[in-house]
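Novice: Build me a model:
(4 chains)
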Number of protein chains: 2
Amino acid sequence: MPRSGADARRRLQQAALELFRERGYEATTAAEIAARAGVTERTFFRHFPDKREALFDGEDAFRAALADGVLAAPEGATPMEALLSAFRSVERTIENNRPITEPRQAVIARTPALRERVLTKTAGLTDALSRALCRRGVEPGLAMLAAQVGMAAFAHATRAWFYAPGPGLGAHLTRAFTELRDLSSARGDLEPRVPRG
Amino acid sequence: MPRSGADARRRLQQAALELFRERGYEATTAAEIAARAGVTERTFFRHFPDKREALFDGEDAFRAALADGVLAAPEGATPMEALLSAFRSVERTIENNRPITEPRQAVIARTPALRERVLTKTAGLTDALSRALCRRGVEPGLAMLAAQVGMAAFAHATRAWFYAPGPGLGAHLTRAFTELRDLSSARGDLEPRVPRG
DNA sequence: GACGAAGAGACAGTCACTGACAATAGGTGT
DNA sequence: ACACCTATTGTCAGTGACTGTCTCTTCGTC
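Specialist: Numbering: from 1, shown residues only, chains lettered A, B, ... in the order given. As a prediction, this is how the structure comes out:
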């Protein structure tokens, strides 16, 4: 019964989150998730390529928003400025989504398999940022480096905001990018200690 | 027959690499790897927690070397300087291991499941670097940020060296850390565009 | 009211991974 | 030489994630 397709998908996601919270990720089977959602195990795997993905959705939209944010940055912005601008453009989205992401995070935090998947999701976002920077004329290699560094700062800010939401994500972002600048600005000895022969 | 234990392990790793190169990762079963190594499938899983791990070994030693490198950095070094010093301390190791890592990389590059595992391995290294920085007195949050940024630069350098080994990894490292400094040194507008209400 | 496409169920099968128990090779002490 | 102990492996049975295939039902369309 193709009731709506999207309906079953939403029920599956809800059931998955509930069960993961109740018994943990490893202890719940795909069949159980499907049963609670009122469909067959086979249907579960038609909606999600694997069990983990039931917890990660809407990442495509977020990735697009980030990339758009980079492209929408002011003309003369440096790579890092463009990235910060992109992060600021999704600030509100993240803050508003907190009630949804918070319980999810709790499950992820205690499940190695899910933490691993988070890393590939983050890598996907980093790739998107890198490609967007390229479209702004940044050399590909440098774009990837900038995207990774920017993403590290963004993750840092998000982590800090998660534990201390008071100041708002924006304040943590500002702080993270300031810390970033302070970290690399110290003029040090960049030359190898031992000259190569 | 407990021939030696470590022997079977080495044969399994060799067989895994060979088969992954011949037919690809997804198309080879754990039983096939075990068969080529002259043991049972059950023995394979006694040596490796999962199929992917047969390709990733010696990461523990590498992680320890990196952490030691951070701790061995000169007294007054900044976090980034300590990280660079750590990377320099494993330069030779990486250069010497190229014949081993190169075929491995080729398999990993075309296998999403293995790329995902690389990310968690890298995250493990980043954690170790972060903890080492903490032992140098760096505040934990900042240590994690520094470790991630440093690891991004290291990965950038390694990537560049992979395609252009000529100048040596050390030269690429120097260049990466210089680019890093240039990236974040540009003094920009770090304040939010719209004041928070 | 026929019809085509999109979901969904039913069913069988592969493969990664695990627990439990038995068998054997190697080294050790006497 | 002999009993003994332990590490390592083989064997077997089982669970659960995922896939291919086929059929069936429902919904929008003509």
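Novice: and stretch A:41-52, which residues are buried?
Specialist: A:F44, A:H47, A:F48, A:K51, A:R52 (16 or more other Cβ atoms under 10 Å in any protein chain shown). Quick note: C-beta positions are derived from backbone N, CA and C, even for glycine.
Novice: can I get those in TSV with secondary structure?
Specialist: Shown next, in TSV, are the buried residues of stretch A:41-52 (DSSP: H, G, I helix; E, B strand; the rest coil):
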residue	secondary structure
A:F44	helix
A:H47	helix
A:F48	coil
A:K51	helix
A:R52	helix
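Novice: Keep only those of the residues you listed that are also close to DNA strand C.
Specialist: Residues of these in contact with DNA strand C (Cβ under 7 Å from any atom of the strand): A:H47.
Novice: how about the buried residues of stretch A:41-52 in CSV, adding distance to chain B?
Specialist: Output for the buried residues of stretch A:41-52, formatted as CSV (distance: Cβ to the nearest Cβ, whole Å):
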residue, distance to chain B
A:F44, 20
A:H47, 19
A:F48, 16
A:K51, 14
A:R52, 10
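Novice: Which stretches in chain A count as helices?
Specialist: With DSSP state H as the criterion, chain A has helices at A:6-23, A:30-37, A:41-47, A:59-71, A:79-89, A:91-109, A:112-135, A:140-163, A:169-185.
Novice: Pick the most buried one from these.
Specialist: Neighbour counts (mean count of other Cβ atoms under 10 Å in any protein chain shown) averaged over each of the helices of chain A peak at helix A:79-89, with a mean of 23.
Novice: what angle do that one and helix A:59-71 make?
Specialist: Helix A:79-89 runs at 130 degrees relative to helix A:59-71, counting by axes from the mean of the first three to the mean of the last three Cα atoms, to 10 degrees.
Novice: Now do helix A:79-89: distance to the chain's middle.
Specialist: 15 Å (Cα atoms, centre = their mean, to the nearest Å).
Novice: what about that helix and chain B, touching?
Specialist: Yes. For a cut-off given as Cβ under 8 Å from any Cβ of the partner chain, helix A:79-89 has contacts with chain B, namely A:P79, A:M80, A:E81, A:L84, A:R88.
Novice: Just the closest of those residues to chain B, please.
Specialist: A:E81 (4.4 Å; Cβ to the nearest Cβ).
Novice: Quick check: that closest one touching A:V70?
Specialist: No. When contacts are counted by Cβ atoms under 8 Å, A:E81 is not listed as touching A:V70 (10.2 Å).
Novice: Now do the closest residue in space to A:A64 that isn't next to it in sequence against A:E75, distance only.
Specialist: The shortest distance from A:A64 to any non-neighbouring residue, by Cβ to Cβ, 6 or more residues apart in numbering or on different chains, is to A:A128 (7.7 Å). Going from A:A128 to A:E75 by Cβ to Cβ, to the nearest Å gives 21 Å.
Novice: ditto for A:I33
Specialist: When A:I33 is compared with A:E75 (using Cβ to Cβ), they lie 48 Å apart.
Novice: cool, and A:R42?
Specialist: Distance from A:R42 to A:E75, by Cβ to Cβ: 52 Å.
Novice: which residues does the residue minimising distance to the centre of chain A contact?
Specialist: Among the residues of chain A, the one closest to the centroid is A:T122, at 4.6 Å (Cα atoms, centre = their mean). Contacts here follow Cβ atoms under 8 Å, 6 or more residues apart in numbering or on different chains; on that basis A:T122 touches A:M151, A:A155.
Novice: do the same with A:P79
Specialist: Neighbours of A:P79 in contact, by Cβ under 8 Å, 6+ apart: A:L133, A:R136, A:V138, A:L142, A:A143, A:A146, A:G150, B:L183.
Novice: try it again with 6 Å
Specialist: For A:P79, the contact set (Cβ atoms under 6 Å, 6 or more residues apart in numbering or on different chains) comprises A:L133, A:V138, A:A146.
Novice: Please apply the same query to A:L84.
Specialist: Applying Cβ under 6 Å, 6+ apart, the residues near A:L84 are A:F177.
Novice: any idea how far B:A61 is from it?
Specialist: Taking Cβ to Cβ, one finds A:L84 at 38 Å from B:A61.
Novice: And A:F20, by the same measure?
Specialist: Taken as Cβ to Cβ, the span from A:F20 to B:A61 is 35 Å.
Novice: Over to A:A8?
Specialist: From A:A8 to B:A61 the distance is 48 Å (Cβ to Cβ).
Novice: returning to what we had before: keep the residues of helix A:79-89 next to chain B, but drop any that are not near DNA strand C.
Specialist: Within the residues of helix A:79-89 next to chain B, nothing lies near DNA strand C by Cβ under 7 Å from any atom of the strand.
Novice: Nearest to B:P112 among those residues?
Specialist: A:P79 (27.6 Å; Cβ to Cβ).
Novice: Run through the residues of chain A sitting next to chain B.
Specialist: By the rule Cβ under 6 Å from any Cβ of the partner chain, the part of chain A lying against chain B is A:78, A:80-81, A:116, A:119-120, A:123, A:145-146, A:148-149, A:152, A:156, A:168, A:170, A:174, A:177-178, A:180-181, A:183-186, A:188, A:190, A:192, A:196.
Novice: Extract the residue ranges of chain A that are flagged as low pLDDT.
Specialist: Applying pLDDT under 70 to chain A flags residues A:1-4, A:186-197.
Novice: 80 instead, please
Specialist: Residue ranges of chain A with pLDDT under 80: A:1-5, A:185-197.
Novice: what's the neighbour count on A:Y25?
Specialist: Per other Cβ atoms under 10 Å in any protein chain shown, the neighbour tally for A:Y25 reads 20.
Novice: can I assume it is in contact with A:T111?
Specialist: Yes. Counting by Cβ atoms under 6 Å, A:T111 is a contact partner of A:Y25 at 4.4 Å.
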